[in-house]
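Asks: Fold the following and give me the result.
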Amino acid sequence: MTKTLKDYFKEFEEKVVGIKTISKGLEGVKIGFRLQNDSARLSISNNFSLIQRFIKAQHLENQRDLWLKTIDLLNASKAFNDEVKEERREELLLDCFAELEKLNNTLHTQKTTTVEGNAEKFEESKKKGTGKVKPSVKPFNWLGTQTQLVYLIEQLIEHKFLSPISQTEKHRLTAQHFTVEGKSLNTKNLAKTRYNRFDTKKGKPKRGEEIEQIISAVKKQNP
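Replies: Numbers count the residues shown, from 1 in each chain. Coordinates of the predicted model:
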C-alpha cells in the first residue's frame with residue numbers, strides 16, 4: 001500500500017517520542033549531556049528528512065499543499081514534549097517555510113518561461129507563415145501608444161478597477177492580452193516605458209488627462 005504524508009509523519013512522531021534528551025537545567029553538569037542533546041537534534045533531523053524526500057518526490061503543483069499540511073502537523077504534534085525537542089520543532093517549521101518560498105519561486109519562474117516561450121513561438125510562426133502556433137488568448141488591439149496603454153493599466157489598478165499585482169506580472173499580462181496598432185508587445189519594453197514615463201515633468205503620457213477623465217467618469221457612475 002502506498003504511504004501518505006500522514007503515514008510518514010506518524011512514523012516520524014513515534015521516533016521523536018523515543019529519542020532521549022537532557023533537561024537544559026542540567027546541561028552544564030556534564031559535557032555528555034550536551035553531546036546527547038546534539039545527537040537527539042541530529043536524529044530528529046534525519047527522521048524528518050524522510051518526509052522532506054517524500055514531498056519533493058511529488059509533482060511540483062502538489063508540493064505546496066504537502067508543505068502546508070506538514071506545517072499544520074508539526075504545530076499540532078504532541079511528540080515535541082521537552083525544551084530540546086521544542087527548539088528542534090521551531091527549526092523544522094522554519095525549514096518548511098523556506099522550502100515553500102523556494103517552491104513558489106520555482107513555479108513562478110516556470111510559468112513565466114512557458115508564457116514567454118509560447119509568445120516567441122508564435123512570433124516565429126508568423127515570420128515563417130506557418131501559423132501553427134496560436135496565442136491562447138486573442139489580444140485586444142490598442143490604437144493609442146504603448147506609453148498610454150501602460151498608463152491606462154496603472155490608472156485602472158490605482159483606482160481599484162483591477163486587482164494590484166507585481167510589476168513583472170502586470171507587464172506579462174499586458175503583453176499577453178494586448179497589441180499596439182497590431183504589433184505584439186515585449187515585457188522588457190513595457191517595463192522601460194513605465195520607468196521612462198516617470199522621467200517626464202508631468203509623469204504622464206500625451207493625452208494622459210483624457211485617460212484620467214474617462215476613469216473619473218466611470219468611477220462616478222460606479223462609486
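Asks: would you list every one of the helices in this structure?
Replies: With helices called from DSSP state H, the chain shows them at 5-18, 31-56, 60-76, 83-128, 146-158, 167-177, 187-197, 208-221.
Asks: In contact with residue 146: list those residues for me.
Replies: By Cβ atoms under 8 Å, 6 or more residues apart in numbering, residue 146 lies in contact with 180, 185, 189, 190, 193. For glycine as for every other residue, the C-beta is placed from the backbone atoms N, C-alpha and C.
Asks: For PyMOL, what selects the buried ones among those residues?
Replies: Restricted to buried positions by 16 or more other Cβ atoms under 10 Å, the PyMOL selection for the contacts of residue 146 reads:
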select buried, resi 180+185+190+193
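Asks: From the contacts of residue 146, pick the one nearest residue 83.
Replies: residue 190 (53.9 Å; Cβ to Cβ).
Asks: ok, the closest one touching residue 176?
Replies: No: here residue 190 does not reach residue 176: they are 11.0 Å apart, not a contact under Cβ atoms under 8 Å.
Asks: hmm, back to that, could you redo the contacts of residue 146 as JSON lines and give each row pLDDT and distance to residue 203?
Replies: Listed next are these as JSON lines, based on pLDDT from 0 to 100; distance: Cβ to Cβ, whole Å:
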{"residue": "180", "pLDDT": "88", "distance to residue 203": "21"}
{"residue": "185", "pLDDT": "89", "distance to residue 203": "22"}
{"residue": "189", "pLDDT": "84", "distance to residue 203": "19"}
{"residue": "190", "pLDDT": "86", "distance to residue 203": "17"}
{"residue": "193", "pLDDT": "80", "distance to residue 203": "13"}
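Asks: Throw the contacts of residue 146 into CSV and include distance to residue 66, thanks.
Replies: Shown next, in CSV, are these (distance: Cβ to Cβ, whole Å):
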residue, distance to residue 66
180, 43
185, 37
189, 39
190, 36
193, 41
